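Chemist: Provide a 3D model corresponding to the input given below.
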Amino acid sequence: MTSAEQAMEFKLGFIGLGNMGGPMASNLIKAGHAVTGFDLQAQNLAILTAQGGKKANDVGNVARDADVIILMLPAGEFVRDVLCGKEGVFAVAKPGTLIIDCSTIDVATAREMAREAEKHGFLMLDAPVSGGVMGAQAGSLTFMCGGDQKAFATAKPVLEIMGANIIHAGGPGNGQAAKLCNNMLLAISMIGVSEAFNLADALGLERQKLFDISSTASGQCWSLNTYCPVPGPVPASPANNDYKPGFSVAMMLKDLKLAQEAARKSDANTPLGQHARDLYQAFEELGNSEVDFSGIIKFLRTKK
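Modeler: So this is what the prediction gives:
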């Protein structure tokens, strides 16, 4: 039996249908699955129903009949409210329900929710994603999964509909740990690539020449090869669309703050991560929260 056929056996619920959750739910529907969803924004529910999904009036109506419930929410406090509220998932879902939290939240909350899920007789996986809106739309996301082996094995057929890389990072919270480490690295590398192009401009080196050299030399990285922050070399990058996100500055700054919180609590030394957070915060404070994070190149170009 294929993964898609296995997933057909599940009744799917989806809570959080925004820029990421909406396309993810859409891919589940396109694959032929019944999806019941809830979101606070009426327009997001309208999109779901137009694509063939079923809207719910509240979290409880999603959770009662679902075999698998997927969350894509902005922060840990929302995850806790949806799961632990009076009419939340833990209160109304069937024993044995699988909960997949694709939100990016702090590691401590992820582990707390996993413990609570176990107490209530549920399987739970923290499974934050990488790939941005484009990856969500294309069904090519990377899922970084934390939880026990049974939860991972049960979730994998569903996740494979929405993503291209499904990786078990270890026990509860390890998916969130992987996401924070990855995005801290991404922010740092994007700043480095941006500085290299700004220096090339100052030295009279053509941007395309720098790309042609560094993308095949020791400077190559995802921020350069796939998401180049200057117009031209990578046509699909946000730099060629006036830095429309993609992955916004606000989202990157959220992850960098979570990474620094985790570093402080675990006594890890991350000076570049801290500096990246400070730079993105200064960029956001200039009114750039909804600019793609690669737009930091413009801030670095003018900063003295």
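Chemist: can you pull up the most central residue in this protein?
Modeler: residue 129 (3.7 Å; Cα atoms, centre = their mean).
Chemist: quick one: contacts for that residue?
Modeler: Contacts for residue 129 were tallied using Cβ atoms under 8 Å, 6 or more residues apart in numbering; they are 20, 102, 104, 135, 136, 141, 142, 143, 144, 163, 179. All C-beta atoms are positioned from the backbone trio N, CA, C, and that covers glycine.
Chemist: now do 10 Å
Modeler: 20, 24, 72, 102-104, 135-136, 141-144, 159, 162-163, 165, 175, 179 (Cβ atoms under 10 Å, 6 or more residues apart in numbering).
Chemist: one more: residue 27?
Modeler: Residue 27 touches 33, 35, 51, 136, 137, 138, 139, 140, 141, 161, 162, 163, counting by Cβ under 10 Å, 6+ apart.
Chemist: in a markdown table, list these along with distance to residue 231.
Modeler: Converted to a markdown table, the contacts of residue 27 look like this (distance: Cβ to Cβ, whole Å):
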| residue | distance to residue 231 |
| --- | --- |
| 33 | 39 |
| 35 | 37 |
| 51 | 33 |
| 136 | 24 |
| 137 | 22 |
| 138 | 22 |
| 139 | 27 |
| 140 | 23 |
| 141 | 26 |
| 161 | 34 |
| 162 | 30 |
| 163 | 29 |
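Chemist: out of those residues, which are buried?
Modeler: Burial by neighbour count, 16 or more other Cβ atoms under 10 Å: within the contacts of residue 27 this picks out 33, 35, 136, 137, 139, 141, 161, 162, 163.
Chemist: quick one: those residues as CSV, columns for pLDDT too.
Modeler: Formatted as CSV, those follow (pLDDT from 0 to 100):
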residue, pLDDT
33, 91
35, 97
136, 94
137, 94
139, 96
141, 97
161, 97
162, 98
163, 97
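Chemist: what are the pairing partners of the longest strand seen in the chain, and which direction each?
Modeler: Counting by DSSP state E, the longest strand found in the chain is strand 163-170. In the sheet, strand 163-170 lines up against strand 141-146 (parallel) (DSSP bridges).
Chemist: how far does the partner strand sit from its chain's centre?
Modeler: Mean-position distance between strand 141-146 and its chain equals 9 Å (Cα atoms, centre = their mean, to the nearest Å).
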